[in-house]
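>>> I would like to see how this sequence folds:
(chains A and B)
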Amino acid sequence: MAENTDKMVIDGVELTGIWKEFLPSRILYEDVTTEFLDEVKKLPGGSTIVRCYQCGTCSGGCTLPDFVDKFNPRRFIDLVRRGHYDILVNENKDLVWKCVSCQRCTHRCPKGVNTQEVVRAIAKFLEDKKVFGKLTNDEAFDEVFMEEVIEDGRIDEVKIVKDFYSKTGRLKDMMSADQISLGFKMLTSGRIKLFGGKIKDWKKVSKRLKEEIQ
Amino acid sequence: MKIGYFPGCSLKGMARAYDESTKIVAEEFGIDLMEIEDFNCCGALEVKGSNEKLSYMLPARVMDSAKGRFHVDAVVTPCNGCYHSLLRANSAMNENNEARRDVISFLKDVGYGTYEGDMDVRHFLELFYNEIGPEKVKSAVRKPLKGLKVASYYGCLYERPKTITKTGYKSKRDDSENPYFQDELLKATGAEVVEFHSSASCCGGAHALQDESLAATLSAAVLSSAKEAGADILVLPCPLCGAALDIKQPEIIKAHGEKAKLPVVYFTQLIGLSMGKSPKELKLSDPISNPMDVLKAKGLA
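Just a heads-up that it's a prediction; the model follows:
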């Protein structure tokens, strides 16, 4: 037993009871602002971001790093929590929205962070801040999808593709020879129906949903 | 047990082969599916990312109608996306008081207002495995799929995330890291299931339109790893993966070459074929990736 309790060294490890001396804290001594965290928390799916303890299980199992260099959900969350808005925008804005929602992160998170939805909320946070300078493909698709669901209750695959291409100014891509021959094959085999099924009494539901998103 | 059938939008559109083959297989094995008429879209990923309340209300309306109008004990869907949305709405109704209150008031306004988040939601693959199972399939096979090498692919939302599927808590759910229900059912048809490491990888389908080149890369990785594993055909239980891996396959091949060229079918189509149903009624000519050639070459169609 060492008599001096200020310093007790066993196998080269200092064990004075000042725990942070051998377990460096993850919180850096810096000005932390929770301004951005508070905004992300309020977006759809963003609330569980506060549970994250930065273990990295999400990034370890993530589908994307093999295909998208530097894609790192753990880092996106960390930057939001520490208020590093500039780094988030400058280095990560073209990454965050690339998530393909495979759910491995959410599935494996030991702290119950709904990681996929949190990452989507961070992307939405950046969209709301207008950092992309234009309507992103994700925003455009979400918008046409929401409109179509609320209006008709169901998704018509052809209509949604057409509306999406039109909204993103790429209607001519849809008119390529390959796309037309594919469409023709689907139409003649009956996989595309020109008049989709209608839902009885949807008007009432539609009206109520519109009130909901006001 | 009375089972409500929720096909979802895709099965009423481009994935009609999955809809029709599911009904054929269900009928053959005596599973009585009662279609939830006037169903609406589950909301999918897009509503989930846009408006949280709506993402619970839309699936809840389907289950409210299943309960209030059709009086069923369970709702089954063959779509991974719909399965996820329905289970997710139930979780919210059971774990989040505010969401529960909003949804119930919505249902009272526009629906039957009897639903409280307690519907037993099943995936058709999971239900078929548990209620029928490989043994019964084996004894019902009339035309064994001998010599056909299949890669059994599951996609994402069928087994993930556990917070929603409750995998591991309810024994009926498939193994979330190494799903095997479809493998076992396919083996029972006489097909050879190849060892395939991408069976629960992501096809990128969620971004098939928004981020085409990345989606194609992910899809190509799945298709080529199945082909490398020696598969003649890829089998799956999800219409969204079907759209990404089959309908988009010509574009994928253009970007990534012939290594990504592989026929894609739904598991219900192959089970139906092994029961002696005709390729025509199973709509085996529907896939753009053309499974008929390999099935003919093996003397199966």
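>>> Run through the residues of the stretch 101-250 of chain B sitting next to chain A.
For the stretch 101-250 of chain B, the contact set with chain A under C-beta under 8 Å from any C-beta of the partner chain comprises B:106, B:109-111, B:156-157, B:160-163, B:176, B:201-202, B:204-207, B:209-211, B:214-215, B:217-218, B:221, B:243, B:247, B:250. Yep, even glycine has a C-beta here, placed from its N, CA and C like the rest.
>>> Quick one, which of these are buried?
B:106, B:110-111, B:156-157, B:160-163, B:176, B:201-202, B:204-207, B:209-211, B:214-215, B:217-218, B:221, B:243, B:247 (16 or more other C-beta atoms under 10 Å in any protein chain shown).
>>> Am I right that B:A216 is in contact with B:I253?
No. B:A216 lies out of contact with B:I253 (C-beta atoms under 8 Å); the separation is 9.4 Å.
>>> Now residue 83. Nearest residue, chain neighbours left out?
Since no chain was named, I'll use chain A. A:T33 (3.5 Å; C-beta to C-beta, 6 or more residues apart in numbering or on different chains).
>>> Wait, chain B was what I had in mind.
B:H123 (4.7 Å).
>>> Give me the pLDDT for that neighbour.
B:H123 carries a pLDDT score of 97 in this model.
>>> before we move on, what about B:S285?
96.
>>> Spell out which helix or strand contains it, please.
In this assignment (DSSP states H and E), B:S285 forms part of neither any helix nor any strand.
>>> Looks like it contacts B:S278 (just checking).
No. Judged on C-beta under 8 Å, B:S285 makes no contact with B:S278 at a distance of 11.0 Å.
>>> Tell me how far the most centrally placed residue in chain A lies from chain B.
In chain A, the residue lying closest to the centroid (C-alpha atoms, centre = their mean) is A:R120, at 1.8 Å. Here the criterion is C-beta to the nearest C-beta, to the nearest Å. By it, A:R120 lies 5 Å from chain B.
>>> got it, and A:R154?
For A:R154, the distance to chain B - C-beta to the nearest C-beta - is 5 Å.
>>> Thought B:S10 was touching that residue, still the case?
No. Using C-beta under 8 Å as the test, A:R154 is too far from B:S10 to be in contact (10.2 Å).
>>> Report the next helix or strand after the least confident helix or strand in chain B by mean pLDDT in sequence order.
One helix or strand of chain B scores below all others by mean pLDDT, DSSP states H and E: helix B:162-165, with a mean of 90. Following helix B:162-165 in sequence order, the next helix or strand is helix B:181-188 (DSSP H and E).
>>> Now that next one: buried residues?
Residues of helix B:181-188 classed as buried by neighbour count (16+ other C-beta under 10 Å): B:181-183, B:185-188.
>>> What separation do you get for A:V119 and B:L218?
With distances taken as C-beta to C-beta, to the nearest Å, A:V119 is found 16 Å from B:L218.
>>> OK, contacts around A:G169?
When contacts are counted by C-beta atoms under 8 Å, 6 or more residues apart in numbering or on different chains, A:G169 touches no other residue.
>>> I meant to write B:E177 there.
Applying C-beta under 8 Å, 6+ apart, the residues near B:E177 are B:159, B:200.
>>> per-residue confidence at it?
pLDDT, B:E177: 89.
>>> From B:P161, how far out is it?
From B:E177 to B:P161 the distance is 12 Å (C-beta to C-beta).
>>> Setting aside sequence neighbours, what's the nearest residue to B:I233?
Spatially, and ignoring its direct neighbours in sequence, B:I233 is nearest to B:P263 (4.7 Å; C-beta to C-beta, 6+ apart).
>>> same deal with A:E157?
B:G13 (4.7 Å).
>>> and the one you found, what pLDDT?
pLDDT at B:G13 comes out at 91.
>>> Quick check: A:V50 touching A:K42?
No. Using C-beta under 8 Å as the test, A:V50 is too far from A:K42 to be in contact (11.8 Å).
>>> Compare those two (neighbour count), which wins?
For A:V50 versus A:K42, the count of surrounding residues by other C-beta atoms under 10 Å in any protein chain shown is larger for A:V50: 15 against 10.
>>> what helix or strand is the nearest residue to that one once chain neighbours are set aside on?
In this structure, A:V50 finds its nearest non-sequential neighbour in A:K41, 6.7 Å apart by C-beta to C-beta, 6+ apart. Element membership for A:K41, per DSSP H and E: helix A:35-42.
>>> what does that helix contact?
A:46-47, A:49-50, A:80-81, A:83, A:85, A:88, A:118, A:121-122, A:125.
>>> residue contacts, the most far-flung residue of chain B relative to its centre?
The outermost residue of chain B relative to its centre, with distances by C-alpha atoms, centre = their mean, is B:D109 at 31.4 Å. By C-beta under 8 Å, 6+ apart, the residues touching B:D109 are A:R208.
>>> Equivalent analysis for B:L185, please.
B:125, B:128-129, B:134, B:137, B:267, B:271.
>>> can we see that at 7 Å?
Neighbouring residues of B:L185 by C-beta atoms under 7 Å, 6 or more residues apart in numbering or on different chains: B:128-129, B:134, B:137, B:267, B:271.
>>> For it, report the pLDDT, please.
So B:L185 comes in at 98 (pLDDT).
>>> domain parsing for chain B?
Following automatic domain parsing, one finds the domains of chain B at B:3-123, B:133-297.
>>> tell me the secondary structure for B:A216?
helix (DSSP: H, G, I helix; E, B strand; the rest coil).
>>> after the helix holding A:K41 comes which helix or strand?
Immediately after helix A:35-42, counting by DSSP H and E, sits helix A:57-61.
>>> which helices and strands sit right next to the longest helix anywhere in chain A?
Criterion DSSP state H: the longest helix present in chain A is helix A:137-152. In terms of contacts (3 or more C-beta pairs under 7 Å, 6 or more residues apart in numbering or on different chains; DSSP states H and E), helix A:137-152 is packed against helix A:157-167, helix A:202-213, helix B:44-50.
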